[in-house]
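Enquirer: coordinates only, sequence not included:
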């Protein structure tokens, strides 16, 4: 069974950085588009950033453009989300997910396999 493990969350001050990791257990991520999504308390889950299986195409939500960078390391079978210049409004549980196709958009229903989530809290 496909399992994704997200990690790297934590408590950081505004303006700080974190790097989230999404690792696969029992399968290779090479054939899947990978997305990062987040859900803040009382809000719907939203797409943050996604990357195609080749790594050649990416997509970012407007709210994180210029601050977040998604990348994949095939040798480590891991996808990363580098988050810089963090803001309190970035506080949420972050989930990584794998999808079988790439449409260039980070839409929840396109992703079939989900990790357990990692908490990111941005606060002074």
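Expert: Cool, the structure landed. Small disclaimer: the values here were computed from a predicted structure and weren't measured. Residues are numbered from 1 along each chain as shown.
Enquirer: what does the helix or strand where residue 11 lies rub up against?
Expert: Here residue 11, judged by DSSP states H and E, is contained in strand 10-12. Contacts of strand 10-12 with the rest of the structure, by Cβ atoms under 8 Å, 6 or more residues apart in numbering, involve 18, 86, 119-123. (C-beta placed from N, C-alpha, C; glycine too.)
Enquirer: partner residues bridging the residue positioned nearest the centre of the chain?
Expert: In the chain, the residue lying closest to the centroid (Cα atoms, centre = their mean) is residue 36, at 2.3 Å. With DSSP bridges as the criterion, residue 36 is bridged to residue 49, residue 96.
Enquirer: Could you report the neighbour count for residue 71?
Expert: 14 (other Cβ atoms under 10 Å).
Enquirer: what helix or strand does it sit in?
Expert: Applying DSSP H and E, one finds residue 71 within strand 68-73.
Enquirer: And the next helix or strand past that strand?
Expert: Next along from strand 68-73, by DSSP H and E: strand 78-83.
Enquirer: Pull the residues that contact that next one.
Expert: 17-24, 29, 34, 36, 48-49, 51, 64, 67-73, 90, 94, 96, 120.
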